[in-house]
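Peer 1: Please find the sequence and the predicted model below.
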Amino acid sequence: MDSRRPRQSARFRALLIEADDAYRASIIGCMRLADCEVQDVPTIALALVVLERAQYDVVVWGVPAPPPEHRRSSIAELKLRTDAPLVLLGSSFEMAQADLEAGADQWLPKPFVPGALVGTVRAALRKSAARVVPIVAMHEVRGMRLNGQDRTLAFRDGEMSFSRQEWDLLSILIDHPNRYLTVHEILRLGWHAGAYGPEEVRIYVRRLRRKMDPLGLPCELRARHGHGYCLKFAA
């Protein structure tokens, strides 16, 4: 496994699964042109391990030619571990229909035209950038009553109001309960991406915690170094 230092300008994180050295270098070059920081592994087995530890915006698999049953099971395993779009690079068009029906989002043949791969990755990233919609109506979670019209959260006898930025961030955390989200993921999920950065996310997390703590909620807003932020609910 080759862990490369991230480029400061890269907007997206990508995982590449490719065993062939020559193809790997060419694919990485195309993915960087699509504004990706790339981590690459040679096998599906290693990819599944990596996906247990980190989230990516897109996954590209340079598929060898194993039996169709193995490809289908490998695609299923990948989709269980990530909701990122899956781009497959196959050795023949005969593989395409079965791979797409098994869950692949995009498919290209090998050898590929570099421009076509760059465009395919960019198209997959547009799909990956779908945003979480803030809570806009009445919503109840574990006894917490959230009112999106006036951006208030009530629990038992307490109630607190939130600014629009605070409410949008709270919506993202509630939509991903008990899961740590990195600053990168929070921005990708739509929290004022482009206008706000990592330090603003940290500031607003602190503001949320100050407002939520006095209510005695059945959840806790946690931070873990290297993992991000999580709205943890009691079991």
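Peer 2: That came in fine, so what should we check first?

Peer 1: tell me the phi and psi of the residue with the largest distance to the centre of the chain?
Peer 2: Distance from the C-alpha centroid of the chain, by Cα atoms, centre = their mean, peaks at D157 (36.3 Å). Phi and psi for D157, reported as degrees, to the nearest 10, are phi -100, psi 0.

Peer 1: Need the pLDDT of it.
Peer 2: At D157, the model reports a pLDDT of 93.

Peer 1: now R24
Peer 2: pLDDT, R24: 94.

Peer 1: how about the strands in the protein?
Peer 2: Assigned by DSSP state E, the strands in the chain fall at 12-17, 36-41, 58-62, 86-90, 106-109, 138-141, 144-147, 152-155, 158-161, 219-224, 228-233.

Peer 1: Next, the angle strand 12-17 makes with the third one.
Peer 2: For strand 58-62 and strand 12-17, the angle between their directions (axes from the mean of the first three to the mean of the last three Cα atoms, to 10 degrees) works out to 20 degrees.

Peer 1: returning to what we had before: of all the strands of the chain, which one is nearest L173?
Peer 2: The closest of the strands of the chain to L173 is strand 228-233. By Cβ to Cβ, the value is 4.1 Å. Yep, even glycine has a C-beta here, placed from its N, CA and C like the rest.

Peer 1: can you tell me the distance between the two ends of stretch 207-222?
Peer 2: Terminal residues of stretch 207-222 lie 13 Å apart, using Cα to Cα, to the nearest Å.

Peer 1: I'd assumed L221 was in contact with L208.
Peer 2: Yes - at 6.0 Å, L208 and L221 qualify as touching, with contact defined as Cβ atoms under 8 Å.

Peer 1: Between the two, which contacts overlap?
Peer 2: Common neighbours of L208 and L221, counting by Cβ atoms under 8 Å, 6 or more residues apart in numbering, are L173.

Peer 1: Okay, domains of the chain per the record?
Peer 2: Recorded structural domains for the chain (assignment: automatic domain parsing) are 12-128, 138-233.

Peer 1: winner for burial among these?
Peer 2: Of all those, domain 12-128 has the most neighbours on average by mean count of other Cβ atoms under 10 Å, namely a mean of 18.

Peer 1: ok so, going back, please produce CSV containing the strands of the chain, extended by distance to Y204.
Peer 2: Output for the strands of the chain, formatted as CSV (distance: least, Cβ to Cβ, whole Å):
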stretch, distance to Y204
strand 12-17, 22
strand 36-41, 24
strand 58-62, 27
strand 86-90, 32
strand 106-109, 34
strand 138-141, 20
strand 144-147, 17
strand 152-155, 15
strand 158-161, 15
strand 219-224, 11
strand 228-233, 10
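
Peer 1: what's the nearest residue to L108 if we skip its chain neighbours?
Peer 2: Using Cβ to Cβ, 6 or more residues apart in numbering and skipping residues adjacent in sequence, the residue nearest L108 is L89, 5.3 Å away.

Peer 1: Identify the residues contacting the one you found.
Peer 2: L89 touches Y23, I27, V60, W61, G62, V63, W107, L108, P109, K110, F112, L117, counting by Cβ under 8 Å, 6+ apart.

Peer 1: Cool, thanks, signing off.
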